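> Quick one, fold the following:
(chains A and B)
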Number of protein chains: 2
Amino acid sequence: MDENTLVSSLTKSWSISARTLIGVGDDCAVLRGSGSRHYSLLKTDTIVEHRHFTPATPPSLVGRKALARVLSDFAAMGGTPTHAVVTLGLPQDYSLVRLRSIYQGLTACAKKYGVDLVGGETTQNPTLLLSIAALGETRGYAPVLRSTAKARDLLFVTGTLGGSQKRHHLTFTPRLLEGKFLAENKLASAMMDLSDGLGSDLPRLCAASQLDYDLDTLNLPLRKGATRTQAYAEGEDYELLFTVPMTKVEKLLERWKFKTRLTCIGGLIHPSKRLPSQQRIPHGYDHLR
Amino acid sequence: MDENTLVSSLTKSWSISARTLIGVGDDCAVLRGSGSRHYSLLKTDTIVEHRHFTPATPPSLVGRKALARVLSDFAAMGGTPTHAVVTLGLPQDYSLVRLRSIYQGLTACAKKYGVDLVGGETTQNPTLLLSIAALGETRGYAPVLRSTAKARDLLFVTGTLGGSQKRHHLTFTPRLLEGKFLAENKLASAMMDLSDGLGSDLPRLCAASQLDYDLDTLNLPLRKGATRTQAYAEGEDYELLFTVPMTKVEKLLERWKFKTRLTCIGGLIHPSKRLPSQQRIPHGYDHLR
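Numbering: from 1, shown residues only, chains lettered A, B, ... in the order given. As a prediction, this is how the structure comes out:
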């Protein structure tokens, strides 16, 4: 069973009340905030040794990665993360020197992005595990969902893709400023972050919006030395994938003042419009494989 | 190194901003809410197979326990839990039938207590691990902290203590109604939940309030068949431990309409008032031992 199927099967009986706007299935949950244009966002994410990092990974980058991955999910909705709690699963003989450096990296990352670390939990676990749950918000504007793209919207991506396993997965910058800009100015009609590779994530965005993709595969912004296959399947790019209505593309390009590269990689189409000649891209990363 | 020392060492450089009222060190973090008497609460908790339950534990009770433990922390502040996200660490060959029952137990518990399950995360882990982060609030009144007891306040406990490992740790009722009653009516001056045993938790409440305890050990409400030592050290009672100013004790007893037993087990004293003849109670559960 793949991850998507398992998660659907486990959560299918979950129901939400009126105080929740979006539950399972987007980058963050969206909760009713205190006013008409205030939304709370909630998200959790986990990294495990031997899977998301190795014993050879510099410890401060391990801590940084644990938090930065969560921040990338807030970026994906245009939100601002505010608070986080940290769960530590600790093997019995784990080096305390290394553990302290992990926490230093985590703490430094929290300070840099203005996130208050407000609590946590410690338990024994056979492997080092760091799970971070974070709370955030959008104030004065609505978060951008995955499910709200329209047919004929153009598809954009920030930065470069592929070859992220070498170092980028430890040092990436969560695209918080770019995400907030896109949400606040209502430029993106749908958005998510690329964590499992375009080959997994683009189909998720399409499924949420009930659309299909027409990808300009020759125009993918590949990282130096990376292959197209890596961009599809390797994952951990932590870039923003978003759609823009044609009428707003000019405004987007005009106002995009970030150094972050911006590339149009295709568009979304009504599923009935797909031609048999249009290629499917290979599947990306699955957390349970 | 024991758990308290480790956690202090890892979190000592954490700092909080003005939007956080209480960070690490209480049952939940307390965040500034939307109005003058609205507070948000954030908490995370984890259970791991072979440690908090065994492969023989009925699966629906595993899921129930994972959430109910977190709810008990909201009870400990008089808060109401509203939303939760669930992290699953899944061994490669884990029974999917058992896993589905675990999630059914968790989902049923969420429905019973009005908590929206709004997201989660799945990763491989050598042992089954369930980590739940929850958000909640107090509306119209302040949460009750551990640090606000005063010398000469009386010490109370709900329910019975000890012998919880047999079944109670899987079937306990989080004291949400009792906690809210105590907070809303400003009857408790300090409060926490008993998860690691009176021998660990009472010293934590005393340390937070910079006080010492004078325990009426002969008056402990022991569970049927349980020993005093179990009440100190076994843990997982999930009852409320709270202090009440002498002037409010009559009102408390008069208004306590719950079926839940209520016992005065002593009082708090200024540390300088402790007599050499007053006994220390044995230490409770340590998550890293």
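
> can we go C-alpha only for contacts and neighbour counts from here?
Fine.

> what's the helix or strand for A:Gly266?
Assigned by DSSP states H and E, A:Gly266 falls within strand A:262-269.

> does the nearest residue to A:Phe53 once chain neighbours are set aside belong to a helix or a strand, and which?
The shortest distance from A:Phe53 to any non-neighbouring residue, by C-alpha to C-alpha, 6 or more residues apart in numbering or on different chains, is to A:Val62 (6.9 Å). Using DSSP H and E, A:Val62 sits in helix A:59-75.

> Now find how far off-centre that helix is within its chain.
11 Å (C-alpha atoms, centre = their mean, to the nearest Å).

> now swap in stretch A:236-252 and tell me
That offset, for stretch A:236-252, works out to 14 Å (C-alpha atoms, centre = their mean).

> Quick check: buried residues in the helix or strand of chain A with the lowest mean pLDDT?
Lowest mean confidence among the helices and strands of chain A (mean pLDDT, DSSP states H and E): helix A:3-11, at a mean of 89. With burial defined by 16 or more other C-alpha atoms under 10 Å in any protein chain shown, the residues of helix A:3-11 counted as buried are A:7, A:10-11.

> What are the boundaries of the helices in the stretch 151-289 of chain A?
In the stretch 151-289 of chain A, the segments counted as helices under DSSP state H, counting those that start in this stretch are A:168-171, A:176-184, A:198-209, A:228-233, A:249-255.

> Those helices: which one's closest to chain B?
helix A:198-209 (15.4 Å; C-alpha to the nearest C-alpha).

> any idea which residue sits dead centre in chain A?
Residue closest to the average C-alpha location in chain A (C-alpha atoms, centre = their mean): A:Asp193, at 3.2 Å.

> Can you report phi and psi for A:Gln92?
According to degrees, to the nearest 10, the main-chain angles of A:Gln92 amount to phi -60, psi -40.

> now the one 5 residues further on
Comment: the main-chain dihedrals of A:Val97 come out as phi -60, psi -50, following degrees, to the nearest 10.

> distance of it from B:Leu202?
As judged by C-alpha to C-alpha, to the nearest Å, A:Val97 and B:Leu202 stand 31 Å apart.

> Kindly report the same for A:Arg223.
56 Å.

> can you check A:Leu222 too?
From A:Leu222 to B:Leu202 the distance is 58 Å (C-alpha to C-alpha).

> got it, and A:Val48?
34 Å.

> what's the answer for A:Thr227, then?
Distance from A:Thr227 to B:Leu202, by C-alpha to C-alpha: 59 Å.

> same check, this time on A:Thr127
Counting by C-alpha to C-alpha - A:Thr127 and B:Leu202 are separated by 32 Å.

> and the two? which has more neighbours close in?
B:Leu202 (26 against 18; other C-alpha atoms under 10 Å in any protein chain shown).

> got a list of what that one touches?
B:213, B:241 (C-alpha atoms under 8 Å, 6 or more residues apart in numbering or on different chains).

> One more: the one 5 residues further on?
Contacts of B:Ala207 were listed using C-alpha under 8 Å, 6+ apart, and they are B:Ser147.

> mind checking how far it is from chain A?
Distance, B:Ala207 to chain A, using C-alpha to the nearest C-alpha, to the nearest Å: 18 Å.

> who in the stretch 51-200 of chain A is up against chain B?
Residues of the stretch 51-200 of chain A lying close to chain B (C-alpha under 8 Å from any C-alpha of the partner chain) are A:85-87, A:92, A:100, A:103, A:107, A:116-127, A:131, A:133.

> Could you tell me which of the residues you listed are located in helices?
Taking DSSP state H, the ones among those that sit in helices are A:100, A:103, A:107.

> which intervals of chain A have sub-threshold pLDDT?
A:286-289 (pLDDT under 70).

> Now with 90, please.
A:1-5, A:33-36, A:272-289 (pLDDT under 90).

> Report the buried residues of stretch A:9-27.
Result for stretch A:9-27 [16+ other C-alpha under 10 Å]: buried residues A:10-11, A:14-16, A:20, A:22-27.

> Generate a markdown table for these, with secondary structure as supplementary columns.
A markdown table is the format used below for the buried residues of stretch A:9-27 (DSSP: H, G, I helix; E, B strand; the rest coil):
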| residue | secondary structure |
| --- | --- |
| A:Leu10 | helix |
| A:Thr11 | helix |
| A:Trp14 | coil |
| A:Ser15 | coil |
| A:Ile16 | coil |
| A:Thr20 | strand |
| A:Ile22 | strand |
| A:Gly23 | coil |
| A:Val24 | coil |
| A:Gly25 | coil |
| A:Asp26 | coil |
| A:Asp27 | coil |
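
> near chain B too, which of those residues?
Applying C-alpha under 8 Å from any C-alpha to those, those adjacent to chain B are A:10-11, A:14-16, A:20, A:22-25.

> In contact with the closest residue to A:Leu71 other than its chain neighbours: list those residues for me.
Spatial nearest neighbour of A:Leu71, chain neighbours left out: A:Pro174 (6.0 Å); criterion: C-alpha to C-alpha, 6+ apart. Going by C-alpha under 8 Å, 6+ apart, A:Pro174 touches A:68-69, A:71-72, A:75, A:238-239.

> try A:Ser195
A:Ser195 touches A:201, A:235-239, counting by C-alpha under 8 Å, 6+ apart.

> swap the cut-off to 7 Å and go again
A:235-238 (C-alpha atoms under 7 Å, 6 or more residues apart in numbering or on different chains).

> and those residues as TSV, adding distance to chain B and neighbour count?
Formatted as TSV, the contacts of A:Ser195 follow (distance: C-alpha to the nearest C-alpha, whole Å; neighbours: other C-alpha atoms under 10 Å in any protein chain shown):
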residue	distance to chain B	neighbour count
A:Gly235	15	25
A:Glu236	15	25
A:Asp237	18	27
A:Tyr238	17	30
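
> Just flag the most distant two among those.
A:Gly235 and A:Tyr238 (8.1 Å; C-alpha to C-alpha).

> A:Ser40 and A:Arg32 touch, don't they?
Yes - if you go by C-alpha atoms under 7 Å, A:Ser40 and A:Arg32 touch, sitting 6.2 Å apart.

> For those two, work out which one has more neighbours and name it.
Set A:Ser40 next to A:Arg32 and count neighbours by other C-alpha under 10 Å: A:Ser40 wins out with 24 against 17.

> partner residues bridging the more buried one?
Judged by DSSP bridges, the bridge partners of A:Ser40 are A:Leu31, A:Glu137.

> show me what contacts it?
A:30-33, A:136-138.

> now, which of these sits nearest A:His270?
A:Val30 (26.7 Å).

> What residues does that closest one make contact with?
A:Val30 touches A:20-23, A:39-42, counting by C-alpha under 7 Å, 6+ apart.

> Among these, which pair sits farthest apart?
Taking C-alpha to C-alpha, no two of the contacts of A:Val30 sit farther apart than A:Gly23 and A:Tyr39, at 13.0 Å.

> circling back to that earlier point, which member of the buried residues of helix A:3-11 is positioned nearest chain B?
A:Leu10 (6.1 Å).

> Does A:Phe74 touch A:Thr82 like I think?
No - between A:Phe74 and A:Thr82 there is no contact under C-alpha under 7 Å: 10.0 Å.

> These two: which has the busier surroundings?
Between A:Phe74 and A:Thr82, A:Phe74 has the larger neighbour count (other C-alpha under 10 Å), namely 32 against 22.
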